[in-house]
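A.B. asks: Have a look at this prediction, sequence included:
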Amino acid sequence: MEFSQGAQGRDQELVALFTATFTASEGASEGTLIGDLVRNQLSRTPAANLYVFIAEADGEVIGGAIFTRLTYDQDDRSVFVLGPVAVATERQGQGIGRQLLIYALQALREAGIDIAVTYGDPSYYSRVGFAPVTEAFIPAPFKLQYPEGWLAQSLTETEITPLKGAVHCVEAFNDPAFW
């Protein structure tokens, strides 16, 4: 298995992976929603606001993780939100997602990113260093439907302190349906 950074012209493969994975786990409407999110992230997000990581085996994309920028009006730290993440249904349970996220988080550290946040299952994401935070500590772009799933980690040697100012996400995520 190989890990790489960047979509490398594999946008359609990534959209198909996310659509199929979320359809299998959450149903067709969720698969379409997430597939469209990924398509929009890849096509409409400026390169400086987007990190894409891929896991592949035998030339096939089997996993993907996408990070997009969150900006805070009164805070100059660089913050990226992870979402979505997918591993091909038939390859789940083999540690691919965990390995992909470890690779991605290290690449973000090396790129000088200060903080990574995500919105998901605390028991899963805690395996790669995320810990629960409150919306008061790190504001989300929209009110969270599942505040227990708001998680963060410092990618520097510095402990996270509260982020300040109004928060803005990339266009693709600017919809309360994702929060």
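C.D. replies: Yep, that arrived.
A.B. asks: Would you quantify the distance from the spatially most central residue of the chain to Gly9?
C.D. replies: Centroid check for the chain by Cα atoms, centre = their mean gives Leu82 as the closest residue, at 1.8 Å. For Leu82, the distance to Gly9 equals 22 Å [Cβ to Cβ, to the nearest Å]. Backbone N, C-alpha and C define where each C-beta goes, glycine included.
A.B. asks: cool, and Gly129?
C.D. replies: As judged by Cβ to Cβ, Gly129 and Gly9 stand 31 Å apart.
A.B. asks: Have a look at the two and say which one is more surrounded.
C.D. replies: Gly129 (15 against 7; other Cβ atoms under 10 Å).
A.B. asks: what sits against the more buried one?
C.D. replies: Leu105, Gln153 (Cβ atoms under 8 Å, 6 or more residues apart in numbering).
A.B. asks: What pLDDT is listed against it?
C.D. replies: You'll see Gly129 listed with a pLDDT of 97.
A.B. asks: got the phi/psi numbers for it?
C.D. replies: Dihedral angles of Gly129 (phi, psi; degrees, to the nearest 10) stand at phi 100, psi 0.
A.B. asks: Pairing partners for the residue nearest to the centre of the chain in the sheet, please.
C.D. replies: Beta-bridge partners of Leu82, counted by DSSP bridges, are Phe67, Thr118.
A.B. asks: Please apply the same query to Gln153.
C.D. replies: Ala116.
A.B. asks: how much space is there between it and Pro46?
C.D. replies: Distance from Gln153 to Pro46, by Cβ to Cβ: 24 Å.
A.B. asks: Repeat that for Ala131.
C.D. replies: Distance from Ala131 to Pro46, by Cβ to Cβ: 29 Å.
A.B. asks: What ranges does this protein have for its helices?
C.D. replies: 11-26, 28-44, 96-110, 122-125 (DSSP state H).
A.B. asks: Let me have these in JSON lines, extended by mean pLDDT, distance to Glu56 and mean neighbour count.
C.D. replies: Output for the helices of the chain, formatted as JSON lines (pLDDT from 0 to 100; distance: least, Cβ to Cβ, whole Å; neighbours: other Cβ atoms under 10 Å):
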{"stretch": "helix 11-26", "mean pLDDT": "97", "distance to Glu56": "9", "mean neighbour count": "18"}
{"stretch": "helix 28-44", "mean pLDDT": "97", "distance to Glu56": "16", "mean neighbour count": "17"}
{"stretch": "helix 96-110", "mean pLDDT": "98", "distance to Glu56": "10", "mean neighbour count": "18"}
{"stretch": "helix 122-125", "mean pLDDT": "96", "distance to Glu56": "22", "mean neighbour count": "16"}
